[in-house]
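J.: sequence first, predicted model second:
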Amino acid sequence: MTETKSTCPYCGVGCGVIIESQAGQITGVRGDPDHPANFGRLCTKGSTLHLTAAAPLTRHTRLLQPMQRARRGEAPQAIGWDSALDTAAATFARIIGQHGPDAVGFYVSGQLLTEDYYAFNKLAKGLVGTNNIDTNSRLCMSSAVAGYKKTLGADAPPCSYEDIDRAGCIFIAGSNTAWAHPILFRRIEEARARRPGMKIVVCDPRPTDTAGIADLVLPLQPGTDVLLFNGLLHLMLWEGWTRPDWIARHTTGFEALKASVRDCTPDVVAQVCGLDKDDLLTAARWFATGGSDDIARPGGTLSLYCQGLNQSSSGTDKNAALINLHLATAQIGGAGAGPFSLTGQPNAMGGREVGGLANLLSAHRDLGNPQHRAEVAALWGVPSVPEKPGKTAVEMFQAAADGEIKALWIACTNPAQSMPDQATVRRALQRAEFVVVQEAFAGTATCAYADLLLPATTWGEKDGTVTNSERRISRVRPAVPAPGQARHDWSIAVGFARRLELLLPGEQGKNYLFPYSTPEALWEEHRASTAGRDLDITGLSYALLEQSPRQWPFPAGATEGRTRLYEDGVFPTEDGKARFAPVTYRPVAEPRDARYPFALTTGRLRDQWHGMSRTGLLGRLFGHVPEPVVQLHPQDVARRQLRDGDLVHVTSRRGSILVPLQASTEVASGQAFMAMHWGGEVLGGSSSTGHPLAGVNALTTSASCPVSRQPELKHAAVKVLKAELPWSLLAMAWLPDDDAPQVREQLRALMPLFPFATCVPFGRDRTGLLFRAAAHEVPPPQVLAHVEAALQLDGPQVLRYVDARSGQRRVARLARVGADLHLTGILLGGDTRAEAWIRTLLQDGLPAQAYGRLLLAPGAKAPVALASRGRQVCTCFDVREPAIQSVLAGCRGGDDQRLAALQAELKCGTNCGSCIPELRRMVQSTPVLREAA
């Protein structure tokens, strides 16, 4: 067995991993105990990475050779790499020649490595001559970038993870850290355990698992963050909790800010934000004093924030308003203090470093600065860098939908799932003359629109660097060779650029801009571009990074990177002073009204990642949240005479989807929540006009922040109405591991034949697929026959009942295991109420011989007593809610003692720890067993 140190490809925490491999196959993964981001810990997603690289999944889900479509809508055909890159170069050259360089656009990803990013940035801006290159980081971190630059002068998070261990107050805003950055949340839990006096404040419209650890929760109304932060500053000024001496020495613009918050009184803030005035005062005091309640001897306040602030039409203002609080109280530059944006993707930071956004240039240079453009042009050896701002993500797809952009190159991202306003995005992909998709996984929604598909390497195969949230650069190392004909992303970009360079006017035969043969060569040019900049890494090398991850800045002559920035109170602005930003509250772009009365919020699930092209391959990661739902408060459900599980239309001004309803106290009345992951790959169907449904982002708005251009993915006004689809279908079966990926593709192809359909995996040590659908009437028999055949419910070991006249159809597949018969597949058509018990029989592997033909009986009541194992809480050890409740019923002592007893008995929460917040909540809600008299 070979062990290779690398980095996790999921969130921006940047955890180190050790990959185990044998004979060219990844066989295991564990946390790297020497990596300072995680010290050996991994969350549920990271700890199952090796399972996503299993041979059956690679064979059937990976894009393994270049493919080309002769015509849109046809199946792609395999071609060679030379033919693929020649075709791409010739087509781009023709379009550029006919329409100019701005007729093409590149949409790349925060999951690319820094070297990949650098190659694409130079390709677009240095060779093609367009700034039309943007990234899905625009949907993630651009407001944080703009907020830092507006106030501190540079896009440089000033803090480190070790500040969590030293903070007196942690202020979490717009982040469900427990689910979005689980390993960082483990560190917060440990810090609280060591220092129980540390204060934690959580600002979030929903009572998330993160809020469960808080001393104070501020459940503000969606989109009101700016008013909240201005109101806290108003209180700090009133109470004398600011630091006038520090403000005078190190900042400018405070008087204008004071004037702007004068009217943000506690009464106004409480009314608009929906908060208690006493809670506002407490939050202001803890923030200003670092939880010490003593302004003369303050502790440190560390704010952690993410998409709740960023994905907003006021995203830059929200970030700036929070940073204002740090500057006003001198809570920056010291241990445990500062504004700390949590990066969403593994290398969004690296992309920002190389200028991989439409408004940036290499090494944090600004496109609008002539000197910066000249510096980059000199570095690249080109006459100039184009000064015209490029199209940002939303603008790029709108331009393609309008016919302005003719060719799109999409790398390592899935805009047909993740972009807002999917109707416009899909129109863009359909209208563009030429769409190239450079991707590792063949089943993403965007692949269906590609004229040319280029197979890329992915985790475990890639070679380069990434930068995490705390400015720490880590090596990404390959553990196994690339499968099939997959190539590294940087290599694909370089191969295309070399061909294109020969075809563009005035560049024939030069072929000098892209001499790179290794990722290190690209990185060294990037390193050279940082000399004298805020992120100077001229003292770093691959050799040093081989020894350990390092933080920037790391200039020539340095022996270590800098743990925190601005300790001397000097900022990267013209006068060395930070700038207060007098921002004012603006409501959400799309407020609720009588027609659209619910505020829809989107967010993450604990065990899934983005569009689920990787995590969605594993049934075990669907154990915690098994299927798509939209959540409403129970009072809203009752008022609309709906019931849990009802199928509902969720409709915004841009589109409509069908999804099951779930009543939940985790959303407030008037609000709705749906996970961002549920795209058309798993949730679909067909509209009344025959158009395929597009998942949750059919609903979200492309309205964006005017500064950062980040769309308001966190809020959309929607209505929720019951769907009248009287005929329903549930089909689920265990399948051979090697068959399941192909079967899933077959079922996905059937989804548009129903008004509503969903297809998700299930299972832990074996593979199962669940297909659910609903329709106005009984579908044609051949459609149901296709479902049965796909799930292998048409063999000899099958019981069958069909009543075509009433639309009832039931099929049960049985298999003998030892002395017992087990249910291995089921289809219920028409009356699906038996799901209440028959799903347990199948998923829990219970003996079925006592049921016989009763498996085909209608109705919700089990013919034989059957106890469900219940909802999964702990993914690592498959621990279910009833088992936890049973153990807690016999536990004595305080909360910590009962949690420890629970973990000792069932092992839940003892591996990755992702379920600990939920376990704590269950402990707190379970009455303590009284001692005997």
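T.: Sure thing, it's come through.

J.: ok, now how distant is residue 780 from residue 786?
T.: Using C-beta to C-beta, to the nearest Å, one gets 10 Å for the distance from residue 780 to residue 786. (C-beta placed from N, C-alpha, C; glycine too.)

J.: look at these two and report which has more neighbours.
T.: The residue with more neighbours, out of residue 780 and residue 786, is residue 786; 17 against 10, by other C-beta atoms under 10 Å.

J.: tell me which residue lies nearest the centroid of this protein.
T.: Centroid-nearest residue in the chain: residue 610, 3.7 Å away (criterion: C-alpha atoms, centre = their mean).

J.: surely that one forms part of a helix?
T.: No. Counting by DSSP: H, G, I helix; E, B strand; the rest coil, one finds residue 610 to be coil, located in no helix.

J.: how close does it sit to residue 441?
T.: For residue 610 relative to residue 441 (C-beta to C-beta), the value is 12 Å.

J.: likewise for residue 289?
T.: Distance from residue 289 to residue 441, by C-beta to C-beta: 49 Å.

J.: and residue 387, how many residues sit next to it?
T.: Neighbour tally, residue 387, other C-beta under 10 Å: 11.

J.: endpoint to endpoint, stretch 448-461 covers what distance?
T.: 25 Å (C-alpha to C-alpha, to the nearest Å).

J.: do a quick rundown of the helices in the stretch 651-800 of the chain.
T.: Along the stretch 651-800 of the chain, the stretches classed as helices by DSSP state H, counting those that start in this stretch are 740-750, 781-790.

J.: which stretches of the protein aren't confidently modelled?
T.: Applying pLDDT under 70 to the chain picks out residues 507-511, 929-933.

J.: longest single helix anywhere in it?
T.: Counting residues, the longest helix in the chain under DSSP state H turns out to be helix 81-99.

J.: parallel or antiparallel, list what pairs with the helix or strand following that one.
T.: Downstream of helix 81-99, the first helix or strand assigned by DSSP states H and E is strand 104-108. Sheet partners assigned to strand 104-108 using DSSP bridges are listed as strand 133-135 (parallel), strand 407-411 (parallel).

J.: following element in sequence after the last one, please.
T.: Past strand 407-411, heading to the C-terminal end, the next element that is a helix or strand (DSSP H and E) is helix 415-418.

J.: and the next helix or strand after that next one, which residues are buried?
T.: Counting by DSSP H and E, the next helix or strand C-terminal to helix 415-418 is helix 422-431. By 16 or more other C-beta atoms under 10 Å, the buried positions in helix 422-431 come out as 422, 424-429.

J.: among those residues, which one sits closest to residue 863?
T.: residue 422 (44.2 Å; C-beta to C-beta).

J.: that closest one contacts residue 657, correct?
T.: No. Applying C-beta atoms under 8 Å as the test, residue 422 and residue 657 come out as separate, 9.7 Å apart.

J.: overlap of the contact sets of these two?
T.: The contact sets of residue 422 and residue 657 overlap at 694-695, 698 (C-beta atoms under 8 Å, 6 or more residues apart in numbering).

J.: redo the buried residues of helix 422-431 as CSV? Include distance to residue 345.
T.: Listed next are those as CSV, based on distance: C-beta to C-beta, whole Å:
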residue, distance to residue 345
422, 20
424, 23
425, 19
426, 23
427, 26
428, 22
429, 22
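
J.: so what's the residue count around the closest residue to residue 724 other than its chain neighbours?
T.: Leaving aside its sequence neighbours, residue 724 sits nearest to residue 776 (C-beta to C-beta, 6 or more residues apart in numbering; 7.8 Å). Residue 776 is flanked by 13 other residues according to other C-beta under 10 Å.

J.: for residue 728, see how far away residue 776 is.
T.: 11 Å.

J.: ditto for residue 377
T.: 62 Å.

J.: repeat for residue 36
T.: 51 Å.

J.: give me the secondary structure label for residue 318.
T.: Applying three-state DSSP: residue 318 is helix.

J.: just checking, it touches residue 150?
T.: No. Between residue 318 and residue 150 there is no contact under C-beta under 8 Å: 11.4 Å.

J.: neighbour-wise, which of those two wins?
T.: Between residue 318 and residue 150, counted using other C-beta under 10 Å, the more crowded position is residue 318 (30 against 19).

J.: residues contacting that one?
T.: With C-beta under 8 Å, 6+ apart, residue 318 has these contacts: 143, 147, 174, 225-226, 229, 309-310, 312.

J.: let's see 7 Å
T.: 225-226, 309, 312 (C-beta atoms under 7 Å, 6 or more residues apart in numbering).

J.: please apply the same query to residue 629.
T.: 659-662.

J.: same question for residue 347.
T.: Counted by C-beta under 7 Å, 6+ apart, residue 347 has contacts 110-114, 466-467.

J.: with residue 65 instead?
T.: 78, 455, 484-485.

J.: out of these, who's nearest residue 162?
T.: residue 455 (40.1 Å).

J.: tell me the phi and psi of the closest one?
T.: The phi and psi values for residue 455, taken as degrees, to the nearest 10, are phi -80, psi 130.

J.: what about it, how many neighbours?
T.: 25.

J.: that one and residue 67 touch, don't they?
T.: No. Look at residue 455 against residue 67 with C-beta atoms under 7 Å: they stay out of range, at 8.2 Å.

J.: now the residue nearest to residue 545 when sequence neighbours are not counted: which helix or strand?
T.: With C-beta to C-beta, 6+ apart as the criterion, residue 545 has its nearest non-adjacent residue at 4.9 Å, and that residue is residue 475. Secondary structure from DSSP H and E places residue 475 in strand 472-476.

J.: parallel or antiparallel, which strands does that strand pair with?
T.: strand 464-467 (antiparallel), strand 550-551 (antiparallel).

J.: most tightly surrounded among the ones you listed?
T.: strand 464-467 (a mean of 28; mean count of other C-beta atoms under 10 Å).

J.: now the strands for the stretch 351-500 of the chain?
T.: Remark: strands assigned in the stretch 351-500 of the chain by DSSP state E, counting those that start in this stretch are 360-361, 365-366, 407-411, 434-439, 452-455, 464-467, 472-476.

J.: quick one: residues in contact with stretch 552-567.
T.: 156, 158-160, 162-163, 332-333, 338, 471, 473, 534-540, 550-551.

J.: what's the answer for stretch 355-365, then?
T.: 108, 117, 120-121, 131-135, 137-138, 142, 154-155, 352-354, 366-367, 372-373, 375-376, 385, 389-392, 526, 529-530, 533-535.
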